[in-house]
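**Student:** Fold the following and give me the result.
(chains A and B)
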Amino acid sequence: MIEGTAISGGRAVAPSIRLSEPLSFWGGVDDAGDVVDPHHPQFGEALAGKVLLMSSGRGSSSSSSVLAELIRSGAAPAAIILSQPDAIIVLGAIVAAELYEIAVPIVVVDPADHARVPDNTVLSVTTGSGDAVMSWT
Amino acid sequence: MRPEKHGQIPPAGNGLPAHLDPGSTPEQPDFTLTVEENSMLDGAQGPAVAMAMRVLTALSRTLNAPRLVEITSAHIDSCLYHGQVSLDFAERLVHLGATVRVPTTLNVGSVDLLHPSLVKTDTPKEQEVVSRGRELMAAYKSMGCTPTWTCAPYQLPGRPRFGEHIAWAESNAIVFANSVLGARTDRYGDFLDICAAITGRAPYSGLQATAARRGEHVFDCSSLPAAFMKSDVAYALLGYHIGKVSGTKNPVLTGVPVDVSEDQLKAMGAAAASSGGVAMFHVVGVTPEAPTLGAALQGNAPLQSHVVTAATMTLARQELSTFHSGELNAVSVGTPHASFAECAELARLLAEGGPIHPDIDFFISTGRATLDRLAEAELLEPMERAGVRLVVDTCTYVTAVLSPKAKRVMTNSGKWAHYAPSNIGVDVVVGSIEECVDSARLGRVALQNNFLGLGDAS
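**Tutor:** Numbers count the residues shown, from 1 in each chain, chains lettered A, B, ... in the order given. Model (predicted):
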């Protein structure tokens, strides 16, 4: 079990996927939630419905819109676990929660703990009072 | 364990509606609102203001901002269509009765409202972008934003003055406002821009505060040839280079001629914001917070110092271009939107020689206010007669303007060169405005040998 800070609340139980480099949702992810940035090491991976582990987002502020649109259409990650706060990502989650009442938890954990969260494992992510807990079996 | 740094993010609310809130609402010692701002958040000023304030305060906590700051103007980038959510968000605000409370300009949309046939509607996706994009533009106008439809709001009258706090979105407008005008905006983008306009507030974070505006990477440009430093493309290449090296740090340039124009600084900032995340630069002896190198650095030592050479600039042109010679299908200039002076210069170059080759589509993007001025100055008709198509309200790399057959395109813009290959699937070659016109006449790429004293181009 690992604890973190919920910068946007929600809960999820889903398999994890770890990205080895930051990703820009704008230009980096298609309508289906697949990584389409040809320069990204995880090019071609599907993110929809997964607990996405990455250090931070990258690039254009239009990524807020792209993430919110993925949440609307059901092709977004089930949760995003970062190692540093990312205003662009959290804004996409905040707006989707406002508009569609779909809460995708956005969590920040410190880098050492972040590295300990397992890849390709079913994770449970819960948030409450600004704290977040990630557990797995 | 929760890291110390993140422990300061107050956990309350998270901007979610009450039924989605992850928990109770504890004290928030690190983030304070004024009485007026609390009344906005509580709904006393209507549901649209409350929604905007929820978004603003939730984001402020993520940014670790201690408070909000009152702003004097806003510039909105959310009017460009990115999907159903763009329209849902704007229409929710309109439905709740939103109006902006500070002067607010609008960035480009997905449609040229004055020349609608310029944007293609051949595919279902293009049709969606045009019809929804048009609805989105109308929604933002109905909230009281001024329908400027330009990415260069600093070319309009009434621009922000030195030291004013503003909330501008669109990376080239942000870097120009901070660097050239000395106004203060952090990097704001989709959704936050209109929330700032509705509340008249922005998070007090990043470049709103003096310390974050200090120069960090120093670039000595004094060895670059004088002829090169007079050209438009020099600043596109310089911007690309300093952005790539600096990332999100603030570059400081020395050795730039003191008569560098605002158009040249525009080109440089736009390229630096594209290749890196530059939101503020200093040009010593030119920009308002850099009367001296020491002032630009706020008395600190530079993080790094670099010398920019002719070879650096030649390499920058090679890196930004995906081809260098041969067949050409189109030319696109005016990213960010061409100023009146840049349009007049293009008109002058066109008047000096023969017509544009019939196989070349030549586009210049500009603001509708500049279009009016060109018509008044009787420059519009000669440009159109020479074969130039003027695009307003949008830009040639964010929406379907170019022919699907136009695969090899020349531009004088570092920003266009950076984004167009991935946005619209073209190959790109970077040249000066003179090279763009020469190539358009010839119907193929014509780069000058010993380009502006830099040595051979290819």
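**Student:** which residues does B:Gly163 contact?
**Tutor:** Contacts for B:Gly163 (Cβ atoms under 8 Å, 6 or more residues apart in numbering or on different chains) come out as B:Gly182, B:Ala183, B:Arg184. To be clear about C-beta, it is placed using only N, CA and C from the backbone, and glycine gets the same treatment.
**Student:** now with 7 Å?
**Tutor:** B:Gly182 (Cβ atoms under 7 Å, 6 or more residues apart in numbering or on different chains).
**Student:** again, but for the one 10 residues further on
**Tutor:** B:Ala173 makes contacts with B:His75, B:Cys151, B:Pro153, B:Tyr154, as judged by Cβ under 7 Å, 6+ apart.
**Student:** same thing but at 10 Å, please
**Tutor:** B:75, B:77, B:105, B:107, B:150-154, B:166, B:185, B:266, B:269-270, B:273, B:336 (Cβ atoms under 10 Å, 6 or more residues apart in numbering or on different chains).
**Student:** and it, how far is that from chain A?
**Tutor:** B:Ala173 sits 12 Å away from chain A, going by Cβ to the nearest Cβ, to the nearest Å.
**Student:** Next, that residue: secondary structure please.
**Tutor:** Three-state assignment for B:Ala173 (DSSP: H, G, I helix; E, B strand; the rest coil): helix.
**Student:** pLDDT of the helix or strand where B:Ile194 lies, averaged?
**Tutor:** Assigned by DSSP states H and E, B:Ile194 falls within helix B:192-199. Averaging pLDDT along helix B:192-199 gives 98.
**Student:** Quick one: list the elements packing against whichever helix or strand comes after it.
**Tutor:** Using DSSP H and E, the helix or strand that directly follows helix B:192-199 along the chain is strand B:201-203. Here strand B:201-203 touches helix B:35-42, helix B:47-62, strand B:68-70, strand B:167-168, helix B:192-199, going by 3 or more Cβ pairs under 10 Å, 6 or more residues apart in numbering or on different chains; DSSP states H and E.
**Student:** Just the residues contacting strand B:201-203, thanks.
**Tutor:** Applying Cβ under 10 Å, 6+ apart, the contact partners of strand B:201-203 are A:87, B:31, B:33-34, B:36-37, B:40, B:52-53, B:56-57, B:59-71, B:74, B:101-102, B:165-168, B:184-186, B:188, B:192-193, B:195-196, B:208.
**Student:** Buried by neighbour count, from the residues you listed: which ones?
**Tutor:** A:87, B:31, B:33, B:37, B:40, B:52-53, B:56-57, B:59-65, B:68-69, B:71, B:74, B:101-102, B:165-168, B:184-186, B:188, B:192-193, B:195-196, B:208 (16 or more other Cβ atoms under 10 Å in any protein chain shown).
**Student:** how about the helix or strand where B:Ser86 lies, does it reach chain A?
**Tutor:** B:Ser86 belongs to helix B:84-95 when assigned by DSSP H and E. Yes. Using Cβ under 10 Å from any Cβ of the partner chain, helix B:84-95 comes into contact with chain A via B:Gln84, B:Val85, B:Ser86, B:Asp88, B:Phe89, B:Glu91, B:Arg92.
**Student:** Am I right that B:Gly353 is in a strand?
**Tutor:** No. Going by three-state DSSP, the assignment for B:Gly353 is coil, not a strand.
**Student:** Please report phi then psi for it.
**Tutor:** Main-chain dihedrals, B:Gly353, degrees, to the nearest 10: phi -140, psi -160.
**Student:** For it, give me its contacts.
**Tutor:** B:Ala386, B:Val437, B:Asp438, B:Arg441.
**Student:** The helix holding B:Ile194 to helix B:47-62, inter-axis angle?
**Tutor:** Counting by axes from the mean of the first three to the mean of the last three Cα atoms, to 10 degrees, helix B:192-199 lies at 130 degrees to helix B:47-62.
**Student:** Could you tell me the angle between helix B:192-199 and helix B:84-95?
**Tutor:** 0 degrees.
**Student:** so B:Ala48 makes contact with B:Ile198?
**Tutor:** Yes. Using Cβ atoms under 10 Å, B:Ala48 is in contact with B:Ile198, at 6.2 Å.
**Student:** In chain A, which residue sits nearest chain B?
**Tutor:** Proximity of chain A to chain B (Cβ to the nearest Cβ) peaks at A:Gly130, 1.4 Å away.
**Student:** surely that residue meets A:Glu3?
**Tutor:** No. At 11.2 Å, A:Gly130 does not count as touching A:Glu3 under the criterion of Cβ under 10 Å.
**Student:** More neighbours: the two, which one.
**Tutor:** More crowded of A:Gly130 and A:Glu3, by other Cβ atoms under 10 Å in any protein chain shown: A:Gly130, with 24 against 15.
**Student:** Identify the residues contacting the very next helix or strand once past the helix holding B:Ser86?
**Tutor:** Following helix B:84-95 in sequence order, the next helix or strand is strand B:104-106 (DSSP H and E). Contacts with strand B:104-106, where a contact means Cβ under 10 Å, 6+ apart, come from B:71, B:73-80, B:137, B:140-141, B:143-154, B:156, B:158-159, B:167-168, B:170, B:173, B:193-194, B:196-198, B:367, B:393.
**Student:** to the chain's geometric centre, what's the distance from strand B:104-106?
**Tutor:** Relative to the centre of its chain, strand B:104-106 is centred 13 Å away, using Cα atoms, centre = their mean, to the nearest Å.
**Student:** Grab the nearest non-local neighbour of B:Thr314.
**Tutor:** Spatially, and ignoring its direct neighbours in sequence, B:Thr314 is nearest to B:Leu454 (5.3 Å; Cβ to Cβ, 6 or more residues apart in numbering or on different chains).
**Student:** Would you confirm that the one you found contacts B:Val308?
**Tutor:** No. Counting by Cβ under 10 Å, B:Leu454 does not reach B:Val308; the two are 11.7 Å apart.
**Student:** ok, back up a step: which parts of the helix holding B:Ser86 are buried?
**Tutor:** Neighbour count says helix B:84-95 has B:Val85, B:Ser86, B:Leu87, B:Asp88, B:Phe89, B:Ala90, B:Glu91, B:Arg92, B:Leu93, B:Val94 buried, by 16+ other Cβ under 10 Å.
**Student:** rewinding a little: who touches both of B:Ala48 and B:Ile198?
**Tutor:** Joint contacts of B:Ala48 and B:Ile198 (Cβ under 10 Å, 6+ apart) are B:Leu93, B:Leu96, B:Ala98, B:Thr99, B:Met143.
**Student:** Can you select the buried ones among these for me in PyMOL?
**Tutor:** Buried residues among the shared contacts of B:Ala48 and B:Ile198 (16+ other Cβ under 10 Å), as a PyMOL selection:
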select buried, chain B and resi 93+98+99+143
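**Student:** what ranges do the helices span in chain A?
**Tutor:** Taking DSSP state H, the helices of chain A run over residues A:63-73, A:87-100, A:111-116.
**Student:** Can you redo the ones you listed as JSON lines, where the extra columns are mean pLDDT and distance to chain B?
**Tutor:** As requested, the helices of chain A are exported to JSON lines (pLDDT from 0 to 100; distance: least, Cβ to the nearest Cβ, whole Å):
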{"stretch": "helix A:63-73", "mean pLDDT": "96", "distance to chain B": "4"}
{"stretch": "helix A:87-100", "mean pLDDT": "94", "distance to chain B": "4"}
{"stretch": "helix A:111-116", "mean pLDDT": "96", "distance to chain B": "7"}
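**Student:** give me every residue that touches the residue nearest the centre of chain A.
**Tutor:** Nearest residue to the geometric centre of chain A (Cα atoms, centre = their mean): A:Ile80, 2.0 Å. For A:Ile80, the contact set (Cβ under 10 Å, 6+ apart) comprises A:7-8, A:12, A:47, A:50-54, A:57, A:67, A:86, A:89-90, A:92-93, A:104-108, A:125.
**Student:** excluding its backbone neighbours, what's nearest residue 82?
**Tutor:** Since you didn't name a chain, this refers to chain A. The spatial neighbour of A:Leu82 that comes closest, neighbours along the chain excluded (Cβ to Cβ, 6+ apart), is A:Val108 at 5.1 Å.
**Student:** Oops, wrong one, chain B.
**Tutor:** With Cβ to Cβ, 6+ apart as the criterion, B:His82 has its nearest non-adjacent residue at 3.8 Å, and that residue is A:Ser65.
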